[in-house]
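S.K.: Here is a sequence with its predicted model. Questions after.
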Amino acid sequence: MPKVTVLMPVYNGELFLREAIESILNQTFQDFEFLIIDDGSKDQSAAIIASYSDTRIRFFSNGSNYGLIFTLNKGLVLAQGEYIARMDCDDFAFPDRLARQVEHMNQYTDIGLCGTAMKYMHTDIWVKHPTDHEDIKAGLLFYCSLNHPTVMMRSSVVKSYSLYYDYQSPHTEDYELWTRMAQLTRITNIPDVLLHYRIHSEQIGAKHNAEQQEIGKKIVFNQLIQMGLLPTEDELNLHMNVCERRLQATDGFVQGVTSWFDKLRAKNIETNHYSQQSLENVLNSYFAEVSSYYHANLPVAKPASSIRRTKPLRRNGRKRLGKKTTGMRRKKSSKGASSRRAVSRSKRKGSVQPRKKGSAIKGKKRAS
């Protein structure tokens with residue numbers, strides 16, 4: 001019996017398949033079987049796999065496309081190794097990946113599931129999760145705290161508890177399985193990067209993001225029930241908004257998160273479902289993000305010079321009137337001008353004294 005079964009499902013993976021296969025065949029640890037299952041590929045994947053003559057490769061074909069969950073569960077049944085290592089057909093395993101994980105699993109016999117850190121291929125981005133069982137378990141309440149293509153499982157634990165992937169959790173089948181395993185066995189992550197993870201448009205996360213989020217919501221709901229807490233729909237939506245970083249820079253949102261996190265703390269003190277310190281660490285980490293977003297996105301106050309003044313001001317001891325008052329002044333001024341014109345007309349008609357004989361109008365002589 002081999003020490004390790006490397007389980008790799010394949011579906012239309014011809015583009016990166018050789019690189020993935022050879023990264024396993026070139027491992028420094030050699031005591032393994034390479035279980036490759038083609039799920040009805042329509043490209044040249046099957047031909048590429050068949051081109052290898054390495055006796056460690058066990059090649060199976062589903063004949064038709066039955067889906068990833070079916071293929072993974074088939075692989076768990078067919079696996080002969082003491083440990084089962086996952087591998088995706090578009091990733092690249094570091095040469096010492098199997099050796100490092102086997103060493104860890106041999107040393108800690110109570111560990112049933114072991115992941116590692118990974119790095120996005122051709123980038124400087126790496127994904128690293130907590131290493132302690134209690135921290136990983138508490139983290140699962142908010143996110144998938146193990147990288148699926150990096151994990152190694154203890155076969156005896158999988159088969160003793162019938163820990164197979166859930167058909168009701170498509171595109172989140174790994175996350176759902178980890179939440180069950182966390183209740184039954186100890187789990188850990190090796191902090192070192194042992195796999196290159198490839199990003200491309202055909203990945204499940206890129207094509208099924210909305211469905212992943214909806215099923216992820218159900219997985220979180222089940223964990224809350226397990227800790228003895230039945231959330232309202234508003235509380236569950238608020239929790240998922242925090243998980244998915246759909247944050248809001250409002251007092252109401254921050255106060256809602258504060259109240260919800262306090263409720264989680266109180267229930268956990270009552271049930272002791274999670275390590276108090278591990279849960280506190282996760283809550284503090286997410287609340288720090290909420291707080292930072294709030295302070296970074298507060299509405300900017302308008303400068304004083306741009307605010308319209310509504311109170312009358314006094315300048316040089318005189319009252320400065322607003323627009324409406326100014327109109328009243330103009331009206332009065334207009335009325336006063338009319339009165340003055342009326343007086344002028346009355347003077348021209350009869351109030352003006354007659355000229356004396358011999359006087360002259362400026363610029364003209366009196367006629368003789």
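M.R.: That came through, no problem. Numbers count the residues shown, from 1 in each chain.
S.K.: Settle this for me: residue 260 is touching residue 239, isn't it.
M.R.: Yes - if you go by CB atoms under 8 Å, residue 260 and residue 239 touch, sitting 6.5 Å apart. In this view, the C-beta of every residue, glycine as well, is placed from N, C-alpha and C.
S.K.: neighbour-wise, which of the two wins?
M.R.: residue 239 (22 against 19; other CB atoms under 10 Å).
S.K.: That one: what secondary structure?
M.R.: Following DSSP: H, G, I helix; E, B strand; the rest coil, the label given to residue 239 is helix.
S.K.: for residue 8, same thing?
M.R.: Using three-state DSSP, the structure places residue 8 in strand.
S.K.: what's around it, how many residues?
M.R.: For residue 8, the count of nearby residues is 25 (other CB under 10 Å).
S.K.: Who are the contact partners of it?
M.R.: Residue 8 is in contact with 20-21, 24, 34-37, 86-89, counting by CB atoms under 8 Å, 6 or more residues apart in numbering.
S.K.: Okay, it and residue 25: tell me how far apart.
M.R.: 12 Å (CB to CB, to the nearest Å).
S.K.: Which residues are in contact with each of these two?
M.R.: Common neighbours of residue 8 and residue 25 (CB under 8 Å, 6+ apart) are residue 34.
S.K.: What does the pLDDT read for the closest residue to residue 135 other than its chain neighbours?
M.R.: Closest residue to residue 135 apart from its sequence neighbours, by CB to CB, 6 or more residues apart in numbering: residue 278 at 4.8 Å. In the predicted model, residue 278 carries a pLDDT score of 98.
S.K.: Got the phi and psi for residue 278?
M.R.: Here is the backbone geometry of residue 278 (degrees, to the nearest 10): phi -70, psi -40.
S.K.: Once you drop chain neighbours, what's closest to the spatially most central residue of the chain?
M.R.: Nearest to the geometric centre of the chain sits residue 244, at 3.6 Å (CA atoms, centre = their mean). With sequence-adjacent residues excluded and distances taken as CB to CB, 6+ apart, residue 244 is closest to residue 213, at 6.4 Å.
S.K.: what about the strands in the stretch 1-150 of the chain?
M.R.: Under the criterion DSSP state E, counting those that start in this stretch, the stretch 1-150 of the chain contains strands at 4-10, 32-38, 57-61, 83-86, 92-93, 111-120, 126-127.
S.K.: okay if I get the ones you listed as TSV plus mean pLDDT and distance to residue 252?
M.R.: Formatted as TSV, the strands of the stretch 1-150 of the chain follow (pLDDT from 0 to 100; distance: least, CB to CB, whole Å):
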stretch	mean pLDDT	distance to residue 252
strand 4-10	98	45
strand 32-38	98	50
strand 57-61	98	55
strand 83-86	98	42
strand 92-93	98	46
strand 111-120	98	36
strand 126-127	96	33
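S.K.: which one of those strands lies closest to residue 195?
M.R.: strand 111-120 (4.4 Å; CB to CB).
S.K.: Give me the distance between the residue nearest to residue 244 and residue 86.
M.R.: For residue 213, the distance to residue 86 - CB to CB - is 23 Å.
S.K.: Looking at those two, which one has more neighbours?
M.R.: residue 86 (22 against 15).
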